[in-house]
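[1] need a 3D model of the sequence below.
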Amino acid sequence: MTDTGATNRQSDKLSRNIIIVSWVSFFQDAATEMLFPVLPIFITVVLGAPVAVVGIIEGCADGAASLLKGYGGWLADRYPRRPLVFAGYGIASIAKGLIAFATTWPFVMFCRVLDRVGKGIRTTPRDVIIEADTTPSNRGRAFGFHRAMDSFGAVVGPLLGLGLYEALHHAIRPLFIVGVIPALISVAFIYFVKEPPRQARAETTRFRIDFSGRYWRVLALLTAFNLVNFSIGLVIIRAKELGFETVGIFLLYALYNLLYALLSYPAGRLSDRWPRHIIFAAGLMLFAIAFLGFAFAHDALWAWPLFAILGGFMALTDGVGTAWIADIATRDRVGSALGLYYACAGLATIAAGVWAGLLWRGTGFLPFSVAGGVALVLTVAVFALRDEQVQTAKP
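    From the prediction side, this is the model:
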């Protein structure tokens, strides 16, 4: 690695690349989340599809993204990362605007999958760019900052979407056109990202999966959790069943992302000082509380604290989980290790979206209660891991 790269990795300060990539994610997520709260309503009310379709669409879309993250990780270990990031964000930006022209739900599925294909191509190379400027002593902080910026975009997005929704007299289709603007700003920021130096490139062009036993144990637990971690789109449907209209759903979603944003950086810093699996287990506990709460809630007021708790869950698991996987990957295989993790999460996400949508039955009691119960068991399993970090002392 070059002297510049080594300096970036050893510094307590966040590198230029980490900050720019975080702004890229801010604008892209503002575009995505400006549209996401109304997407389930667009599918079920405007297009007349059943609730089960929401789960199937989101499960397939997120699954496609995660499966491609696996291939993107393999590419990121062998080829320049910045072109992959540019292509991924560009594809996603185009797909968002296409939803405005949908007249049937299969076309929405096509657009959502295309959007997530872009996410799949870009995510692992982007995370490898971040990882290249970190050490285990500041990795949680770096990923926490990135997730915080990403989530602040997800706060701005729903609020902007709500303002436009009111200004457009509750017309939903134009929102998908306007949402392309911040997405394109995101793509423009990629110009300022510097291609990081790579570790020694693997000699073989084949995808190898010879990771450590520790990696496989962690991967198995995280994949098991994703089998019950179904889409937030179904949680939005639950909020609608509790009595929330479109404006209230925008505000609930903004609250969820605000807590996610505010807590991500502190959670990342905490995971640099404590074993990451302890922080992750605390996040699983919050997930269990929130989903069991949605299973038994009978009053709309419960949605406010439950969405806030879900925001805390995301802060304690998203960036922390990525840093955890990066910790246990070999230096020249970080992209492949992250990619395989995302791919397994994708397969699990497809299953979660499908089974939860098919078993919805009115209030979603069965999916929420099953997911919450399984998360409680996994909380104990993750907490019990003897999985100290590779390094916790500052260099």
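[2] is it true that Leu168 touches Leu175?
    Yes: A contact is recorded between Leu168 and Leu175 when judged using C-beta atoms under 8 Å, the distance being 7.2 Å. Every C-beta, even on glycine, is put in place using the N, C-alpha and C of the backbone.
[3] which one's more surrounded, these two?
    Comparing Leu168 with Leu175 by neighbour count (other C-beta atoms under 10 Å), the higher total belongs to Leu175, at 22 against 13.
[4] residues in contact with that one?
    Residues in contact with Leu175 (C-beta atoms under 8 Å, 6 or more residues apart in numbering) are Met34, Leu35, Val38, Ala100, Gly161, Leu164, Tyr165, Leu168.
[5] now, of the residues you listed, which are buried?
    Buried members of those, counted by 16 or more other C-beta atoms under 10 Å: Met34, Leu35, Val38, Ala100, Gly161, Tyr165.
[6] helices - which of the contacts of Leu175 land there?
    Those of the contacts of Leu175 mapping onto helices are Met34, Leu35, Gly161, Leu164, Tyr165, per DSSP state H.
[7] so Phe307 is in contact with Leu258, correct?
    No: taking contacts as C-beta under 8 Å, Phe307 lies outside contact range of Leu258: 9.8 Å.
[8] neighbour-wise, which of the two wins?
    Neighbours were counted for Phe307 and for Leu258 using other C-beta under 10 Å; Phe307 has more, 25 against 20.
[9] list the buried residues in the helix or strand hosting the more buried one.
    Per DSSP states H and E: Phe307 is located in helix 303-327. Residues of helix 303-327 classed as buried: 303-304, 306-327 (neighbour count, 16+ other C-beta under 10 Å).
[10] what's it packed up against?
    helix 105-131, helix 139-167, helix 213-226, helix 232-241, helix 246-271, helix 276-296, helix 334-358 (3 or more C-beta pairs under 8 Å, 6 or more residues apart in numbering; DSSP states H and E).
[11] what do you get if the cut-off is 7 Å, keeping everything else the same?
    helix 139-167, helix 213-226, helix 246-271, helix 276-296, helix 334-358 (3 or more C-beta pairs under 7 Å, 6 or more residues apart in numbering; DSSP states H and E).
[12] which parts of the shortest one are buried?
    Which is helix 213-226. Of all the residues in helix 213-226, those buried under the rule 16+ other C-beta under 10 Å are Tyr215, Val218, Leu219, Leu221, Leu222, Thr223, Ala224, Phe225, Asn226.
[13] please apply the same query to the first one.
    Taking 16+ other C-beta under 10 Å as the neighbour-count basis, helix 139-167 is seen to contain the buried residues 139-162, 165.
[14] what of the third one?
    Buried residues in helix 246-271, counting neighbours by 16+ other C-beta under 10 Å, are found at 246, 248-265, 267-268, 270-271.
[15] equivalent analysis for the last one, please.
    By neighbour count on 16+ other C-beta under 10 Å, the buried set for helix 334-358 is 334-357.
[16] for the closest residue to Tyr342 other than its chain neighbours, what are its contacts?
    Closest residue to Tyr342 apart from its sequence neighbours, by C-beta to C-beta, 6 or more residues apart in numbering: Lys69 at 3.3 Å. Counting by C-beta atoms under 7 Å, 6 or more residues apart in numbering, Lys69 touches Gly120, Thr123, Thr124, Gly339, Tyr342, Ala343, Gly346.
[17] which helix or which strand is home to Lys69?
    Residue-wise, Lys69 maps onto helix 51-76 under DSSP H and E.
[18] what's the spacing between the first helix or strand past that helix going along the chain and its chain's center?
    Sequence order places helix 81-98 as the next helix or strand after helix 51-76, per DSSP H and E. Its chain's C-alpha centre and that of helix 81-98 lie 16 Å apart, by C-alpha atoms, centre = their mean, to the nearest Å.
[19] show me what helix 81-98 is packed against.
    Helix 81-98 packs on helix 16-35, helix 51-76, helix 105-131, helix 173-178, helix 180-189, going by 3+ C-beta pairs under 7 Å, 6+ apart.
[20] tell me the angle of the first one relative to helix 180-189?
    In this case it means helix 16-35. 170 degrees (axes from the mean of the first three to the mean of the last three C-alpha atoms, to 10 degrees).
[21] list the buried residues of helix 16-35.
    17-35.
[22] so which of the helices and strands packed on helix 303-327 gets nearest Pro182?
    helix 139-167 (7.7 Å; C-beta to C-beta).
[23] quick one: mean pLDDT over the closest one.
    For helix 139-167, the mean pLDDT works out to 89.
[24] how about low-confidence regions in this structure?
    Along the chain, segments meeting pLDDT under 70 span 1-12, 198-210, 331, 386-395.
[25] and for Gly73, the neighbour number?
    Quick note: Gly73 (other C-beta under 10 Å) scores 27 neighbours.
[26] nearest spatial neighbour of it, chain-adjacent residues omitted?
    Nearest non-adjacent residue to Gly73, counting by C-beta to C-beta, 6+ apart: Gly339, 1.9 Å away.
[27] ok, now which ones touch that neighbour?
    Lys69, Gly70, Tyr71, Gly72, Gly73, Trp74, Thr124.
[28] mind giving me JSON lines with these and columns for distance to Ala295?
    Below are these laid out as JSON lines (distance: C-beta to C-beta, whole Å):
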{"residue": "Lys69", "distance to Ala295": "30"}
{"residue": "Gly70", "distance to Ala295": "32"}
{"residue": "Tyr71", "distance to Ala295": "36"}
{"residue": "Gly72", "distance to Ala295": "35"}
{"residue": "Gly73", "distance to Ala295": "35"}
{"residue": "Trp74", "distance to Ala295": "39"}
{"residue": "Thr124", "distance to Ala295": "34"}
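[29] can you pick out the most distant pair from those residues?
    Largest pairwise distance in these, by C-beta to C-beta, is 10.0 Å, between Lys69 and Trp74.
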